[in-house]
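# just need the structure, nothing else, for what follows:
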Amino acid sequence: MKSNIEILPDSEVSDEVAGAEAHNIRVRVDAQNQDVYLECSSREALYELGKALLAEALYGNGQTEFYTLGQEEKRLVVNGVRLTGDSSRVFVFTSKS
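Numbers count the residues shown, from 1 in each chain. Sure thing, here's the model as predicted:
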């Protein structure tokens, strides 16, 4: 994992995260108090989420979505992030100012 990064509009997810399903994030909402938990399996998973959010802030169109996508029982990286199968989807909206 790098300690300094350059955010580009077409940044690729790291080979480490792309190649290992062990790097994932589970998003869950506590139904009782409405708290949102981001349970990152590794610092690399959290790092890629941070990169994806920074790219959206710098170059995005005002909205992005993170969701679970599987193929042949494997979880895939979507918008730079791999969510677990039981994860809630995440929607991020920003004004263009």
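
# nearest spatial neighbour of residue 41, chain-adjacent residues omitted?
Leaving out its chain neighbours, the residue that sits closest to residue 41 by CB to CB, 6 or more residues apart in numbering is residue 24, at 5.1 Å. Glycine gets a C-beta too; all of them are placed from N, C-alpha and C.

# my bad, should have said residue 78
Across the structure, with CB to CB, 6+ apart as the measure, the residue nearest residue 78 apart from its sequence neighbours is residue 69 (5.0 Å).

# I figured that neighbour hits residue 75, correct?
Yes: taking contact to mean CB atoms under 8 Å, the distance of 7.2 Å between residue 69 and residue 75 places them in contact.

# what pLDDT is listed against the residue lying farthest from the centre of the chain?
With distances taken from the mean C-alpha point of the chain and given as CA atoms, centre = their mean, the most distant residue is residue 32, at 24.7 Å. Residue 32 is assigned a predicted lDDT (pLDDT) of 96.

# in the protein, what helix or strand scores lowest on average pLDDT?
For the chain, the helix or strand with the lowest mean confidence is strand 70-71, at a mean of 89 (criterion: mean pLDDT, DSSP states H and E).

# tell me which other helices or strands the helix or strand following that strand touches.
From strand 70-71 onward toward the C-terminus, using DSSP states H and E, the following helix or strand is strand 74-75. In this structure, strand 74-75 packs against no helix or strand, with contacts taken as 3 or more CB pairs under 8 Å, 6 or more residues apart in numbering; DSSP states H and E.

# residues touching strand 74-75, excluding its own?
Surrounding strand 74-75, the residues in contact under the criterion CB atoms under 8 Å, 6 or more residues apart in numbering are 21, 24, 68-69, 82-85.

# of these, keep whichever come out buried.
Burial by neighbour count, 16 or more other CB atoms under 10 Å: within the contacts of strand 74-75 this picks out 24, 68, 82-84.
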